[in-house]
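S.K.: what would the 3D arrangement of this be:
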Amino acid sequence: MSTISTQLRNFKEPTKDQLLHVFFSIPEVPPAPPAKDGEKSASVEVEKMEINAVLSLGEQGVEDSYAGKLHLIPPYLTFSSLDRKSVRFTIPLSTVRRVERLNARAGVYALSLSTWHGMKIIVQLTSLRPTADAFCALLREALKAELQRGQMKAVKGFVKTCYTEALVSTTSTVAENEREDGSLAEAKEGSPPPETEYHGGLGLKFKFPGDPKKLREASKVKLWTTYLRTHGRNLTLLRYPQCTRLVQVGLPNRLRGEMWETLSGSIYLRYAHPGEFEQLVEEIKGKNSTSFEDIEKDLHRSLPEYAGYQADDGISALRRVLQAYSFKNPEVGYCQAMNILAAAILIYMSEEQTFWLLEVLCDRLLPGYYSPTMHGTLLDQRVFESLVTRCLPIIHDHFLAVDVQLSVASLPWFLSLYINSMPMVFAFRIVDCFFCMGPKVLFQVGCDSLAILKINGEKLLQVQDDGGFLNLMREYFASLGESAHPESSDPRARAITRFQELLLVSFREFAVITDETILSERRKYRNEIVNSIENFSKRSAIRNLRTLERFTKDQAGFIYDALYKAMCEEPPPPAVAPPPSLLTTDFGTSDRPETRIELRTFKVFLSEILTWARNEKIVINGFQQRVDREVAEHELIDRLFYFWDTACKGSLSFQDVVSGLDGVMFNDLMDNIEWFFNLHDKNKDGYLTKDEVLTLSESFLFIFRYEIGDAYLGAVSRFMTNAFEYGDTLLPQETNSKTGETGPQEIGHNQPYLNLATFRMVVLADEVLESFFETDLSASFKLESVPDLELPTASGGFLGDLWSNIATVDNKKMFHKLSDELGKTIGKHQVVYRPSIGRYTKLEEPKARESLISPAQKSTVTSSDTDTLLTSKSSSSTLTVDAITAQNNGPASALSSAAFSPMPHVKAVNAAFMERTPFAIDDAGDDDDDSDLDLVHGEDDDQVMDEVDAFLEAHDSGLTDADKEVAKDLLNAKPV
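M.R.: Numbers count the residues shown, from 1 in each chain. Have a look, this model is predicted:
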C-alpha cells in the first residue's frame, strides 16, 4: 500500500499574530460558532490591540519598572519588555478581579490591575490619549465577555489543582506529608493516605530521580516560595529576570511539573478545556488502531529503570496519555520518541497535565518533530549541521573526512530533549530551560550540542567512525556529575561539575544563537528538506507497488509526479487505515493507511497526462500570448474513474492508477477497440445497448471536440449510421401483419444490441476511427516530466513580502481578465483551442470506406488518400515518454539520487530509542557522602544562584531616570 502525503506542501510561514501567540505561549482560540436564528451570540468578538506601556509591581522595592508593549489578545492580557527577554507575562482576563484608573500627575495615564492572587500590577500607558482610551474601552469589553462566558467562576476550582497554592499558603501543612525530595511520605499504619486536590506525577509515589541533598531541593523551594508570593503563580505568574535565573539553576522536584505547564503555556489549554482529557479516555475504551498497537509495543521500553514503570500504575498512566493524544490528533498519531517524553513528564505531572503538555510540544514548540515524516527534526538536524560548520569548522571538516554522521548522535538528543541520552537529573535541567526560553535552547542547549562538541574537541578529532563517536558521547554523558577540574587545589573549582561547565559554555559562548538565527536557518534549508523527504516518499511509494505492470520505474515516477501534483491542487480525503485482520502474514505492513484519490482529484490528474481530458486554449489579446489549461468535465472521465475502480471503493489508489494506465497505453489496434467497448459496457454482458451506443458516440464527439475540419465529425456520423444499420440487421426478423413487410424486431433501449465483433467491424470500416484506435488513443496518454512544484516562499523582507502579496494566483487571474477585456476593446482578442489529437491540420475530410452492410458507391482511392492511409498506418503505438529529458531534468532522476536522504536518520532514531543507557545518578535516594559542593555552599540558600551568575544576561528596563521616578510615584497613587 502507498501512502502519499502533501502535508509538507501546505506549510506557510507563520503570520505576525501566530508568532505573537507562540511568543506568549497562548493557544490559538477557535472562532466562536455562529449564533442560531433568533438567538444572541454567547460571546462577543473583541478586537486585539497593543499599546506602549511601562510595567511596575504594586509592591515597593520588589522589582524595577520596565518599558515595553502591552497586548490585549482576548481572552488574555500580555506584556513583554522592549528587549523581549527581561519581563513577560500572560494572564487570562478571567483572573483579573479589578481594573482602576490611577489619579496620577498631569499627562500620565495609568491603570491598576488586581489579580486573583491579590497581586497588584500598575501599567502606565505611554501612547497618545485617544489610543489609551481605545485600549481601555476594548479591555472593558473583553472583561465583560469573560464574565458572560462564566470563566471567572472557573478560576477558583482550577487553582485548587495547582500545588503552588498550597506551597505559598501560610496555613498549609503540605510540607509535613512530604519527604525531602518532594514525594509523599508513607502514611502511618492505621491512618489513611493524605488526600491532595493538586495535581502531581508518579514521583509523589515512586520518588523523584536524584539525591535531594545534592540537588539542594530545600533551598530551591524556599527561593521559589518567596518569588511566587510576590510575582503571582500558575495562571498569573509574572516572569522577571529572577524567574529565568531560578529556572536555569534547576526547578525543585515538587514544583517542576506545574512550572513546566506554566512556562510552556499548556496550563492555559488545561484551563480552557476542563474535563476533555477524561472524556477522551472514556471514548477510546475498547477501540483499537495502528497507533495503539505501536504504543503497546513501546510501553515497557519507556524509562524501564524508573520504579514507576516497573509497576502497573506507571504503565497504565503512560498508555492512557499516549492513546488519548494519538486519538485526538490522528494526523500525527504516535511517533516512537513520544513514549520517552511522556514517560519523563509523567514523573512530575498528572496524566491530564502531561496530555496538554504533549499537545503544546508537538504542535507549537517542536512542530513536525513527531509527524510521520519527522520533517521538523530533519530540518533542525540540517540547521545544527550548518551551525557546526560555522562555529566548529575543524570538527566539521574532520567528520567529513572520516565520514562520521553528526545526526547519528544528535537526532536522539533533539527528539528526546536529551532525556534518553544523559542522566535524568541533568536532562531535566535542560528541559527546564527549554520550556522557559523556547526551542532555541535545543541549539543553545542544542548549542549544548555545540558545547558538547567543543568541550570534547580533542577527543572528537581522534574519532574514525560512527561507533567511536557514539561511545565517546556516551562516556561523556555518564561523567556529567563528576568534577570538571578534579586536580585543582581550589575546592570551589573542584565543586564545578562537567554539567555546570557545559551550561557555562552553552549560554556564554553560544549566546549569539538566537530565535531569529534559528528561524533564518530553517527558512534557508526548508525547501531542501521537503524535496528530500518527497523524493524518499516517491521511491517508497513506487517500491511498495504490488506490480509495475509494463512500466519502468522512471515511467512509474512520472505517474507519481502527475498524481502528486493533482493531490496538491485538489487534496483527497485523509488516508484511513484498513480494519484490522485476524489472519495476517505481512507483519503489520498492511495496516498502514493507504492514500486514495476521489473523482475530483482524478480529473485533475487525468488532465495532466491525457490530452483530451483538458481544455487548452491559446489566448492572444495584443498584450500577451498565453496558454490557459482547464480540467475538462464529461461523463467519459467519470466512466473511466469507475472503470479503473475495480474494488468498487469509490476511490483509486496509486496501484489502481498504474494498472488502469497499463490497460490502455500499451495496446494495439484490436486491444484498444476492445478496451473502449468494455469502458462503455456498463453491465459487462458483452453487449452494448442502444443507449450505450449513443453514449459511446458522445464520447467520440467529446474526444474530437477541438479537432480541425469535419473529418472526425463525419467519422462519428458514419459510425452511428453503420452501427445502427448493422445492429438492426442482426436482430431477429419479423413480418408486419398489416403491411406484410419484413423488418427487424423492435427491442427496448436497454436491451443487448451490439456485440464486440460487430463494434470492431464498424470501427474498421472507417479510416479515421481505425487510425484513432491504432495509434492516437494510446498516444494521447503522455507521461512527461512534471515541472517541480513551487514551495511556499519564505519571508524575504519588506520587498519580498510585498511581491508575494502582489503575485498571487487571484491577482494573476485579474490581470489576465483585464488584458483580455482591453484586447476585446481594441479588436485583438483571439482564442484558439489546441486539438487533442492533432492528426489533421487541414480543412479536408478523408473519404469514407464503403458501408459494411449495404452496397455503396465505390470510388477509386486517390493517391492522396493512399498517402494519408500509409501515414496513419506507419505510426506506431508508442508510450510518449521523453527519456532524455527524464534522465537529465525530471523528478525521476531524484529516485537514484544519493543526496540527502532521511532514511539514515530514521534508522538512527530506531536504534537510539531501543535502549537507554542506565546512569547510576538516575537512582532516587539519599547519599550520605559529602561532596565538595556541600563544603563550598554549606546551608546558604542564596548561594544556590551562584551557579548561573557566570552567564547572566544584561537586562535593560528601557527607562530614563525621569521615567523611573514617574513609575515610582504611581505606586502610591490613588484610584480616580
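
S.K.: any regions of the stretch 151-300 of the chain where pLDDT drops low?
M.R.: 187-196 (pLDDT under 70).

S.K.: redo that, cut-off 90
M.R.: Where the stretch 151-300 of the chain drops to pLDDT under 90, the residues are 151-152, 169-198, 211, 214-215, 248, 286, 288-290.

S.K.: ranges for the strands of it?
M.R.: Taking DSSP state E, counting those that start in this stretch, the strands of the stretch 151-300 of the chain run over residues 238-239.

S.K.: quick one, helices of it?
M.R.: Secondary structure of the stretch 151-300 of the chain, counting by DSSP state H, counting those that start in this stretch: helices at 151-159, 163-168, 203-206, 217-231, 241-249, 253-264, 266-272, 276-283, 290-298.

S.K.: wait, Met422 touches Gly481, no?
M.R.: No. Using C-beta atoms under 8 Å, Met422 is not in contact with Gly481, being 9.9 Å away. C-betas here are computed from N, CA, C, even on glycine.

S.K.: so which of the helices of the stretch 151-300 of the chain gets nearest Gly727?
M.R.: When the helices of the stretch 151-300 of the chain are compared for distance to Gly727 using C-beta to C-beta, the nearest one is helix 290-298, at 53.8 Å.

S.K.: and the next element down the chain from the closest one?
M.R.: Downstream of helix 290-298, the next assigned helix or strand under DSSP states H and E is helix 312-328.

S.K.: let me know the angle separating that following helix from helix 276-283.
M.R.: Inter-element angle recorded for helix 312-328 and helix 276-283: 90 degrees (by axes from the mean of the first three to the mean of the last three C-alpha atoms, to 10 degrees).

S.K.: contacts for helix 312-328?
M.R.: Among residues not part of helix 312-328, those counted as contacts by C-beta atoms under 8 Å, 6 or more residues apart in numbering are 202, 205-206, 277, 280-281, 283-284, 287, 289, 291-292, 295-296, 299-300, 302, 306, 308-309, 332-334, 338-339, 342-343, 346, 351, 354-355, 358-359, 362.

S.K.: can you dump the C-alpha atoms of it in CSV for me?
M.R.: Once non-C-alpha atoms are left out, helix 312-328 reads as follows in CSV (Å, rounded to 0.1, in the frame of the first residue of the first chain):
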residue,chain,number,x,y,z
ASP,A,312,1.2,-1.2,36.5
ASP,A,313,0.4,2.3,37.8
GLY,A,314,3.0,3.9,35.6
ILE,A,315,2.4,1.7,32.5
SER,A,316,-1.3,2.3,32.6
ALA,A,317,-0.9,6.1,33.0
LEU,A,318,1.5,6.2,30.1
ARG,A,319,-0.9,4.1,28.0
ARG,A,320,-3.8,6.4,28.6
VAL,A,321,-1.9,9.6,27.8
LEU,A,322,-0.4,8.3,24.6
GLN,A,323,-3.6,6.7,23.4
ALA,A,324,-5.6,9.9,24.2
TYR,A,325,-3.1,12.1,22.3
SER,A,326,-3.0,9.8,19.2
PHE,A,327,-6.8,9.6,19.1
LYS,A,328,-7.2,13.3,19.3
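
S.K.: find the nearest non-adjacent residue to the residue nearest the centre of the chain, please.
M.R.: The C-alpha lying nearest the average C-alpha coordinate of the chain belongs to Gly368 (C-alpha atoms, centre = their mean; 5.2 Å). For Gly368, ignoring the flanking residues on the chain, the nearest one in space by C-beta to C-beta, 6 or more residues apart in numbering is Gly376 at 2.5 Å.

S.K.: the one you found: which element?
M.R.: Gly376 is located in helix 375-391, with elements delineated by DSSP H and E.

S.K.: how about that helix: buried residues?
M.R.: Buried residues in helix 375-391, counting neighbours by 16 or more other C-beta atoms under 10 Å, are found at 375-385, 387-388, 391.

S.K.: of the residues you listed, which is the nearest to Ala272?
M.R.: Gly376 (25.1 Å).

S.K.: I figured the closest one hits Asp363, correct?
M.R.: No. With contact defined as C-beta under 8 Å, Gly376 and Asp363 do not form a contacting pair (10.9 Å).

S.K.: phi, psi of Ile597?
M.R.: With angles defined as degrees, to the nearest 10, Ile597 sits at phi -100, psi 150.

S.K.: give me the nearest residue to it, chain neighbours excluded.
M.R.: Pro572 (4.5 Å).

S.K.: identify the residues contacting that neighbour.
M.R.: Contacts were defined as C-beta under 8 Å, 6+ apart; by that measure Pro572 touches 595-598, 601, 651.

S.K.: show me which positions of the longest helix seen in the chain end up buried.
M.R.: Secondary structure assigned by DSSP state H gives helix 515-543 as the longest helix of the chain. Going by neighbour count (16+ other C-beta under 10 Å), the buried part of helix 515-543 is 515, 517-519, 521-522, 525-526, 529-539, 541-542.

S.K.: do the same with stretch 8-28
M.R.: By neighbour count on 16+ other C-beta under 10 Å, the buried set for stretch 8-28 is 8-9, 20-27.

S.K.: I'd like the average pLDDT over that stretch.
M.R.: Along stretch 8-28, the predicted local confidence has a mean pLDDT of 85.

S.K.: ends of that stretch, what's the gap?
M.R.: Taking C-alpha to C-alpha, to the nearest Å, stretch 8-28 runs 21 Å from one end to the other.

S.K.: give me the contacts around that stretch.
M.R.: Taking C-beta under 8 Å, 6+ apart as the rule, stretch 8-28 contacts 48, 71, 73, 76, 78, 80, 84, 88, 90, 263-265, 268-269, 272, 360, 364, 373, 375, 523, 526, 530, 533-534, 568, 789, 791-792, 794-795.

S.K.: could you do stretch 963-976 as well?
M.R.: 54, 56, 58, 60, 64-65, 67, 100-105, 108, 110, 112, 122, 124, 957, 959.

S.K.: one more pass at 7 Å, please.
M.R.: Counting contacts by C-beta atoms under 7 Å, 6 or more residues apart in numbering, the residues outside stretch 963-976 that touch it are 54, 56, 58, 60, 65, 100-105, 108, 110, 112, 122, 124, 959.

S.K.: start and end of it, how far apart?
M.R.: According to C-alpha to C-alpha, stretch 963-976 extends 21 Å from its N-terminal end residue to its C-terminal end residue.

S.K.: for stretch 442-456, same thing?
M.R.: Distances were taken as C-alpha to C-alpha; on that basis the terminal residues of stretch 442-456 are 19 Å apart.

S.K.: average pLDDT across that stretch?
M.R.: Per-residue confidence for stretch 442-456 averages out to 65 on the pLDDT scale.

S.K.: the nearest residue to Thr131 once chain neighbours are set aside and Gln124, how far apart?
M.R.: In space, not counting the residues next to it along the chain, Thr131 is nearest to Ile51; the distance is 6.1 Å by C-beta to C-beta, 6+ apart. The span separating Ile51 from Gln124 equals 11 Å under the rule C-beta to C-beta, to the nearest Å.

S.K.: identify the residues contacting Met567.
M.R.: Contacts of Met567 were listed using C-beta under 7 Å, 6+ apart, and they are 4, 6, 597, 601.

S.K.: looking at those residues, spot the one nearest Asp403.
M.R.: Taking C-beta to C-beta as the measure, Asp403 lies nearest Ile4 of those, at 32.7 Å.

S.K.: and the gap between the closest residue to that closest one other than its chain neighbours and His634?
M.R.: Nearest residue to Ile4, sequence neighbours excluded (C-beta to C-beta, 6+ apart): Thr595, at 4.2 Å. Thr595 sits 26 Å away from His634, going by C-beta to C-beta.
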